[in-house]
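[1] kindly generate the corresponding structure for this input.
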Amino acid sequence: MSALSLVSGHSSEEESPSPFDALVFAGGGCRCFWQAGFYGVVGPSLALQPQVVTAASAGAAFACAALLGLQERVLADFKKRAGQNHRNWYPQNWVRGETVFPHEEIYRNTIEATISDSDFKRLREGPDIRILLARPPRWAEGRLGFALGALAYALDQSPALSHLQWPQRFGFLPEVVSLRECASVGALVELILHSSCTPPLLPLYQREGRTVLDGGLIENVPADFVGPARSTLVMLSRHCDRDELPNHPRRTYVAPSRPIPIEKWDYTSPVLVDQTYDLGRRDGEAFLNAFDSQGESVGFASFAQDPVLPTAG
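    The predicted structure is shown next:
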């Protein structure tokens with residue numbers, strides 16, 4: 001048997017038609033297609049109406065798509081672009097002074113193609129979507145800030161769901177920006193890219209005159225930025241065993257039931273994207289089976305073992 005990682009610790013002190021009033025989308029690049037599949041099943045079935053959503057890195061893009069119900073549109077658009085992209089890097093482009101990595105163009109174009117002006121208006125009128133950025137210390141702007149962040153990340157031995165220790169020791173600070181501060185779709189696209197800034201795959205961005213880096217450098221699972229909430233659904237982007245998940249009185253953590261088949265920066269494989277999305281949908285169905293009408297976990301969700309999915313090399 002295979003098991004869906006699920007830990008719930010809800011308080012039932014207040015009844016609501018929506019069992020969760022806050023959502024968290026972890027970062028994880030293409031692994032976040034699991035979240036899209038999961039939420040596409042769970043969100044409508046539980047009539048989720050969150051008041052606050054926090055997200056980091058690619059989780060921010062998928063949070064927007066999920067709340068708009070555009071998962072299938074994003075899936076189709078990205079698969080088309082990935083199918084036309086045969087490599088994750090093109091070293092010969094360097095000789096011609098062109099971009100070596102295709103990721104920014106594909107990432108940016110997918111968001112722009114799937115979120116319209118009317119969609120953006122709906123997002124601004126909806127729950128407060130808070131997107132996490134990382135700021136290097138002021139003495140380490142530009143390439144030095146990126147190098148310092150890469151070193152801090154490499155040194156960190158914290159568990160996957162814990163705060164990273166070394167970035168904070170080096171002086172990196174979190175910055176949370178509400179989507180409501182964005183005046184246009186273009187501004188939202190820039191905010192999502194800034195939260196995902198991982199050179200050299202994406203360019204080194206400046207925001208308001210200062211270097212900005214991937215929010216996951218501070219906290220890849222930004223649950224602590226939700227603030228007061230009755231009940232929070234935290235969607236991870238990589239497989240965890242049940243005993244690895246935190247037991248928080250007002251949070252439910254869900255994770256893929258098995259290792260996700262795609263690597264987070266693999267922009268070449270529509271097949272692995274599909275498998276990741278489908279795994280999310282199956283896990284969402286298993287989650288619903290383990291969840292009663294009061295929003296309480298009724299046990300460790302399990303489902304029949306499916307054929308082993310291939311993993312990206």
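[2] just confirm Gly280 is within a strand.
    No - the assignment for Gly280, made by DSSP: H, G, I helix; E, B strand; the rest coil, is helix rather than a strand.
[3] now do the same contact list for it.
    33-41, 256 (Cβ atoms under 8 Å, 6 or more residues apart in numbering). Any C-beta I mention is one placed from the backbone N, CA and C, and that applies to glycine too.
[4] in ChimeraX, how would I select the buried members of these?
    In ChimeraX, this line selects whichever of those come out buried by 16 or more other Cβ atoms under 10 Å:
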select :33,34,35,36,37,38,39,40,41,256
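[5] tabulate the contacts of Gly280 in a markdown table, adding columns for secondary structure, distance to Glu181 and pLDDT.
    Converted to a markdown table, the contacts of Gly280 look like this (DSSP: H, G, I helix; E, B strand; the rest coil; distance: Cβ to Cβ, whole Å; pLDDT from 0 to 100):
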| residue | secondary structure | distance to Glu181 | pLDDT |
| --- | --- | --- | --- |
| Phe33 | helix | 27 | 98 |
| Trp34 | helix | 28 | 98 |
| Gln35 | helix | 23 | 98 |
| Ala36 | helix | 24 | 98 |
| Gly37 | helix | 29 | 98 |
| Phe38 | helix | 28 | 97 |
| Tyr39 | helix | 24 | 98 |
| Gly40 | helix | 27 | 97 |
| Val41 | helix | 31 | 97 |
| Pro256 | coil | 32 | 95 |
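[6] can you tell me which of the contacts of Gly280 lies nearest to Arg180?
    Set against Arg180, the nearest of these by Cβ to Cβ is Tyr39 (20.9 Å).
[7] now do the SS call for the nearest residue to the closest one once chain neighbours are set aside.
    Nearest residue to Tyr39 in three dimensions, chain neighbours excluded: Ala66, at 4.2 Å (Cβ to Cβ, 6 or more residues apart in numbering). What three-state DSSP gives for Ala66 is helix.
[8] before we move on, the earlier item: quick check: the farthest pair among the contacts of Gly280?
    Between any two of those (Cβ to Cβ), the greatest distance is 14.6 Å, for Gly40 and Pro256.
[9] what about the helices in the chain?
    Ranges of helices in the chain, per DSSP state H, are 33-45, 58-68, 71-83, 92-95, 103-114, 117-125, 142-155, 166-169, 185-195, 270-289.
[10] that older thread, closest to Thr276 out of the contacts of Gly280?
    Phe33 (4.3 Å).
[11] didn't that closest one look like it was pressed against Thr276?
    Yes - under the criterion of Cβ atoms under 8 Å, Phe33 makes contact with Thr276 at 4.3 Å.
[12] any residues in contact with both of the two?
    Ile262.
[13] ok so, going back, ranking the helices of the chain by burial, who's on top?
    helix 58-68 (a mean of 28; mean count of other Cβ atoms under 10 Å).
[14] any weak-confidence spans in the stretch 51-200 of the chain?
    Flagging of the stretch 51-200 of the chain using pLDDT under 70 yields the residue ranges 157-163.
[15] what do you get if the cut-off is 90, keeping everything else the same?
    The model of the stretch 51-200 of the chain has pLDDT under 90 over residues 94-98, 138, 140-171.
[16] where exactly do the strands run in the stretch 201-313 of the chain?
    205-207, 210-214, 232-235, 251-255, 302-303 (DSSP state E, counting those that start in this stretch).
[17] what comes up buried for the first one?
    By 16+ other Cβ under 10 Å, the buried positions in strand 205-207 come out as 205, 207.
[18] again with the second one
    Using 16+ other Cβ under 10 Å as the burial criterion, the residues of strand 210-214 that qualify are 211-214.
[19] adjacent strands (with direction) for that strand?
    Strand pairing for strand 210-214, using DSSP bridges, gives strand 128-135 (antiparallel), strand 205-207 (antiparallel).
[20] buried deepest among those, which one?
    strand 128-135 (a mean of 24).
[21] got a list of contacts for that strand?
    51-56, 60, 63-64, 67, 123, 149, 167, 172-180, 191-192, 194-195, 207, 210-219, 222, 225-226.
[22] quick check: Cys182 touching Lys121?
    No - counting by Cβ under 8 Å, Cys182 does not reach Lys121; the two are 11.2 Å apart.
[23] now do the shared contacts for those two.
    With Cβ under 8 Å, 6+ apart as the test, Cys182 and Lys121 reach no residue in common.
[24] just to revisit the earlier point, got TSV for the strands paired with strand 210-214, with distance to Ala154 too?
    Formatted as TSV, those follow (distance: least, Cβ to Cβ, whole Å):
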stretch	distance to Ala154
strand 128-135	15
strand 205-207	21
